[in-house]
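A.B. asks: When you get a sec, could you give me coordinates for this:
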Amino acid sequence: MILHKILKYVALVLGLIGIVFLARILIADDGYIVASAEAQQSLVTPFLWLAYIILLLILVMVVFFVIKGLFRGNIKTTLITIGAFVLVVGIAYILTDGNEVPLKDGGTLSASGSHWISAGLGVFYILGAIAVGAMFISGVKKLIK
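C.D. replies: Sure thing, here's the model as predicted:
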């Protein structure tokens with residue numbers, strides 16, 4: 001309960017700081033911000049750093065609570081789920097291929113990078129199909145009952 005109160009006050013403080021930074025940006029003239037590097041440094045950069053700090057806090061809390069939950073709950077189920085995800089990634093990696101791709105800026109995306117991007121899209125499609133299938137099966141079971 002004490003952690004909830006602490007996090008509530010931290011969220012309140014970070015929210016108020018964010019509101020102040022946002023108000024500073026909204027009050028400034030858009031053309032001035034776009035044209036002046038000094039304005040970008042003084043107005044936009046603090047807002048971005050606040051976002052980075054909040055993201056870091058969220059990531060730390062997620063990792064902490066995931067690890068805490070692992071030791072409280074059933075680790076066998078967690079390991080099976082992680083293994084299934086690794087299997088899906090492996091299947092997607094095997095089913096895709098990679099070719100060097102020229103980029104708009106003149107550079108080249110390596111074959112390995114292209115392969116991993118294709119594999120990531122494959123993982124997305126496989127997990128999406130599994131989710132749609134699970135919803136379909138759940139709906140059919142409800143209709144049967």
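
A.B. asks: can you give me how far the helix-or-strand element of the chain with minimal mean pLDDT is from the chain middle?
C.D. replies: In the chain, no helix or strand scores lower on mean pLDDT, DSSP states H and E than helix 30-35, which sits at a mean of 80. Centroid displacement of helix 30-35 relative to its chain, using C-alpha atoms, centre = their mean, to the nearest Å, is 30 Å.

A.B. asks: before we move on, what about stretch 49-57?
C.D. replies: So, by C-alpha atoms, centre = their mean, the centroid of stretch 49-57 is 13 Å from its chain's centroid.

A.B. asks: mind listing what's buried in it?
C.D. replies: Within stretch 49-57, the residues that count as buried by 16 or more other C-beta atoms under 10 Å are 50, 54. In short, each C-beta sits where N, CA and C put it, glycine included.

A.B. asks: Need the CA coordinates for that stretch. PDB is fine.
C.D. replies: Extracted in PDB, the C-alpha atoms of stretch 49-57 (Å, rounded to 0.1, in the frame of the first residue of the first chain):
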ATOM      1  CA  TRP A  49      13.800  14.300 -21.300                       C
ATOM      2  CA  LEU A  50      10.700  14.000 -19.100                       C
ATOM      3  CA  ALA A  51       9.200  11.500 -21.500                       C
ATOM      4  CA  TYR A  52      12.500   9.500 -21.400                       C
ATOM      5  CA  ILE A  53      12.500   9.500 -17.600                       C
ATOM      6  CA  ILE A  54       8.900   8.400 -17.500                       C
ATOM      7  CA  LEU A  55       9.600   5.600 -20.000                       C
ATOM      8  CA  LEU A  56      12.600   4.500 -17.900                       C
ATOM      9  CA  LEU A  57      10.500   4.400 -14.700                       C
END
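
A.B. asks: ok, residue 25 - how many residues close by?
C.D. replies: 14 (other C-beta atoms under 10 Å).

A.B. asks: And it, how far from residue 73?
C.D. replies: 43 Å (C-beta to C-beta, to the nearest Å).
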